[in-house]
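Novice: Fold the following and give me the result.
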Amino acid sequence: MKRYTLICASLMAGLLLAGCSATRKSALNSAYETEVVEAEGMAPVVNGDVEGARKTALNEAMKSALGLVVGIYVSQEAVVSKAILIDDTITSQTEGYIEKYEILKEARDGDFYKTKIRAHVRKEDLTAKLRKLENEPQKLGNPVIGFDIAESVDGKAQETEYAALELKHKFSEAGFMTGEKDKADILIKGSVKSDFNTREGLGGFLSYRAGLSISAVKQGSGETLVALQETSGGIDLNEPSAARAAIINSARKAGEELKDRVLKALRERSVVRVTISNVSGMNQLSEFMKSLRNIPLIRDCWLRTMTGGVAAIDVGLRKGTASDLSQLLMKNPKFPVKVNRTSSYDLEAELVKP
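Specialist: Reported below is the predicted structural model:
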């Protein structure tokens, strides 16, 4: 727990100490881009060991440089919840992500040694690693998925949960949290009916046909996000096994589409793509995104792309729409914004000078 707290503080400090930035082509390979970041680090001088403090301050400055980029490309929830993993795989391995650096200023300041650097951070390498740290459901608020699917075979109700278990596995694979239906944020509910089909021409086997009808409903509001129907067959040597196979196959067949459509529905209802132009660099973008995270309506935000002064930011809303967000942006005194276009799920704007 102590390590977790220290790492979180270190990552947040990186966001505060890192300075201006710009995107440039890599000096080693022009096919790649680097983020050029100015950052500071400091370390205490212990028992007069100035050289040791100097090395530690340099290492902290490089961590701060990575911390700025990490804090922009992932949500703050991920920075906190994955703090140890980020430290183990990214910020503690600065040589793997910083292509080169130069020391801008260094000096002893009382009992501390302070260093300021300009670092070239390999954007492709870093963002590729970050994408593996945070799944889509986490960015959408980590909703808990519950299941309530009635099953019947040849018209008789069953106590089995074959379809629910199959769908639960599919959603878990995608990174969703699953739980009891009464405590779920989203309930997958409906029914599946498996009926005898034929035994003709099957060489001793017999087949069943299952029809699955389900919907994904937000608990509380009762809003239906997705409705889906699917049919599939099952073959086995006896009736119970064939009936079960048909049920499982229908759920398996529906699972991928259901998961994708639930993700799409959540994304459209809770995430607004903000395209903001006239961004001077990563430092200004970092401050702008901090101001967004301070708005109560906003759950979190994270950078998708940044090219030529234009940033595409995904903004997760607790409630409201892109239109509501546009009104709040225009009232931001620290970062005056001119909104050029607003639709249901995206917003185009530009930063203007105060």
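
Novice: name the element the closest residue to R261 other than its chain neighbours belongs to?
Specialist: Residue nearest to R261 in three dimensions, not counting chain neighbours: V226, with 4.4 Å by C-beta to C-beta, 6 or more residues apart in numbering. Glycine gets a C-beta too; all of them are placed from N, C-alpha and C. In this assignment (DSSP states H and E), V226 forms part of strand 224-236.

Novice: That strand packs against which elements?
Specialist: Where contact means 3 or more C-beta pairs under 8 Å, 6 or more residues apart in numbering; DSSP states H and E, strand 224-236 is packed against strand 186-198, strand 206-218, helix 239-270.

Novice: next structured bit after the longest one?
Specialist: It refers to helix 239-270. strand 271-277.

Novice: List the buried residues in that next one.
Specialist: V271, V272, R273, V274, T275, I276 (16 or more other C-beta atoms under 10 Å).

Novice: buried stuff in whichever helix or strand comes after that strand?
Specialist: Proceeding N to C from strand 271-277, the next assigned helix or strand is helix 282-293, under DSSP H and E. Judged by neighbour count (16+ other C-beta under 10 Å), helix 282-293 contains these buried residues: M282, N283, Q284, L285, S286, F288, M289, K290, L292.

Novice: Pull the distance from helix 282-293 to the chain's centre.
Specialist: How far helix 282-293 lies from its chain's middle: 18 Å, per C-alpha atoms, centre = their mean, to the nearest Å.

Novice: And stretch 265-279, by the same measure?
Specialist: So, by C-alpha atoms, centre = their mean, the centroid of stretch 265-279 is 13 Å from its chain's centroid.

Novice: and that stretch, what's its mean pLDDT?
Specialist: Mean pLDDT, stretch 265-279: 89.

Novice: List of residues touching that stretch?
Specialist: Outside stretch 265-279, the residues that touch it by C-beta atoms under 8 Å, 6 or more residues apart in numbering are 136, 139-141, 143, 216, 225-226, 285, 288, 299, 301, 304, 306, 309-317, 321-322, 325, 329, 337, 344-352.

Novice: try 7 Å
Specialist: 140-141, 143, 225-226, 285, 309-317, 322, 325, 345-351 (C-beta atoms under 7 Å, 6 or more residues apart in numbering).

Novice: now those residues: which count as buried?
Specialist: 140-141, 143, 225-226, 285, 309, 311, 313-317, 322, 325, 346-351.

Novice: coming back round to it: how about the buried residues of strand 271-277 in TSV, adding distance to A242?
Specialist: Listed next are the buried residues of strand 271-277 as TSV, based on distance: C-beta to C-beta, whole Å:
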residue	distance to A242
V271	43
V272	48
R273	47
V274	52
T275	53
I276	57
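
Novice: for the residues you listed, which one is nearest Y101?
Specialist: Y101 has its nearest neighbour among the buried residues of strand 271-277 in I276, at 28.6 Å by C-beta to C-beta.
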